[in-house]
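Asks: For reference, the sequence and a predicted model appear below.
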Amino acid sequence: MRLYADSPDRRTRQLAADLGLVAWLVVWVLVARVVHRAVLVLAEPGRALSDLGRSISDTMGSAAGAAGDVPVVGDGLSRPFDALGAAGSSVTGAGQSAQDAVSTLATVLAVVLVVLPVGWLLLRWLPWRLGWLREARATDRLLAHGAQGVPDLELLAARAMATAPLARLAALPAGTGAGWRAGDPAAVRALAALELQRLGLQLPADGAPSALPG
């Protein structure tokens with residue numbers, strides 16, 4: 001399967017674009033990791049609050065247990081400690097909620113920092129690369145489907161006549177258009193070469209069989 005052009009200049013641009021996309025992705029993943037860790041620092045107050053509430057709850061629970069062992073008045077003595085233990089549990093829950101909120105914020109920011117810039121570049125890179133791949137594969141099929149394995153350049157020549165810039169057509173040898181209409185092989189090859197140059201592909205040698213696309 002063809003991934004890159006034959007032309008060194010076109011192939012260099014394609015490789016640079018592909019490597020640039022990978023580098024862009026790596027940079028934003030690293031930035032997202034740094035931001036994620038920085039935001040998680042904001043969870044420290046919530047963690048401290050949770051630890052404080054857990055400590056209060058444990059201490060008051062122990063105190064309530066000890067007070068409950070006092071004969072006759074144990075139940076009454078343990079109630080205030082139970083209430084304070086419940087308050088400590090509430091503090092623990094509030095601290096855990098704060099931690100969860102910060103963790104969610106850190107994750108969302110990290111995802112956004114990767115998805116937005118990388119998605120922005122992908123929207124520009126994908127149509128360009130996929131469009132070239134489709135045209136290159138179609139061209140390979142045309143070059144491979146000629147009679148007796150010899151490339152059929154007529155469609156490529158017709159495409160060049162219809163879409164090539166006038167300046168490029170004017171640079172061709174005089175009489176190329178008339179030669180194409182008359183089926184002159186040299187004119188057909190000249191026009192087909194013009195279309196292949198647009199894609200950065202090479203024209204097969206005259207009369208040489210065209211290899212099937214990989």
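Replies: Sure thing, it's come through. Residues are numbered from 1 along each chain as shown.
Asks: what helices or strands is the helix or strand where residue 49 lies leaning on?
Replies: Secondary-structure element containing residue 49, defined by DSSP states H and E: helix 44-68. Packing partners of helix 44-68 (3 or more C-beta pairs under 8 Å, 6 or more residues apart in numbering; DSSP states H and E): helix 74-144. Glycine gets a C-beta too; all of them are placed from N, C-alpha and C.
Asks: Please name every helix or strand in contact with the helix it packs on.
Replies: Using 3+ C-beta pairs under 8 Å, 6+ apart: helix 74-144 touches helix 8-40, helix 44-68, helix 154-163, helix 185-199.
Asks: Give the rounded mean pLDDT of that helix.
Replies: Averaged over helix 74-144, pLDDT sits at 84.
Asks: how many degrees apart are it and helix 185-199 in direction?
Replies: Using axes from the mean of the first three to the mean of the last three C-alpha atoms, to 10 degrees, the inter-axis angle of helix 74-144 relative to helix 185-199 is 160 degrees.
Asks: Quick one: distance of helix 74-144 to the chain centre.
Replies: 16 Å (C-alpha atoms, centre = their mean, to the nearest Å).
Asks: got the angle for it vs helix 44-68?
Replies: 150 degrees.
Asks: Hmm, residue 190 is touching residue 174, no?
Replies: No: the pair residue 190 and residue 174 fails to qualify as a contact (C-beta atoms under 8 Å) at a distance of 11.3 Å.
Asks: Tell me which of the helices and strands packed on helix 74-144 lies nearest to residue 135.
Replies: Minimum separation from residue 135 across those (C-beta to C-beta) falls at helix 185-199, 5.8 Å.
Asks: and that closest one, which residues are buried?
Replies: 187-199 (16 or more other C-beta atoms under 10 Å).
Asks: Pick out whichever of the residues you listed sits closest to residue 181.
Replies: Set against residue 181, the nearest of the buried residues of helix 185-199 by C-beta to C-beta is residue 187 (8.5 Å).
Asks: didn't that closest one look like it was pressed against residue 175?
Replies: Yes: using C-beta under 8 Å, residue 187 makes contact with residue 175 at a distance of 7.4 Å.
Asks: Assign residue 151 to helix, strand or coil.
Replies: coil (DSSP: H, G, I helix; E, B strand; the rest coil).
Asks: How many neighbouring residues does it have?
Replies: When neighbours are counted by other C-beta atoms under 10 Å, residue 151 registers 24.
Asks: ok, now how distant is it from residue 159?
Replies: Between residue 151 and residue 159 the computed distance is 14 Å (C-beta to C-beta, to the nearest Å).
Asks: again with residue 115
Replies: Distance from residue 115 to residue 159, by C-beta to C-beta: 38 Å.
Asks: who has more neighbours, these two?
Replies: residue 159 (19 against 13).
Asks: ok, now which ones touch that one?
Replies: Shown in contact with residue 159 (C-beta atoms under 8 Å, 6 or more residues apart in numbering): residue 195.
Asks: What's the separation between it and residue 198?
Replies: Note on residue 159: its distance to residue 198, by C-beta to C-beta, is 9 Å.
Asks: Could you chop this protein up by domain?
Replies: Listed by automatic domain parsing, the domain ranges of the chain are 1-132, 145-214.
Asks: Distance from the shortest one to the middle of the chain?
Replies: For domain 145-214, the gap between its own C-alpha mean and the chain's C-alpha mean amounts to 37 Å (C-alpha atoms, centre = their mean).
Asks: Kind regards, and thank you for your time.
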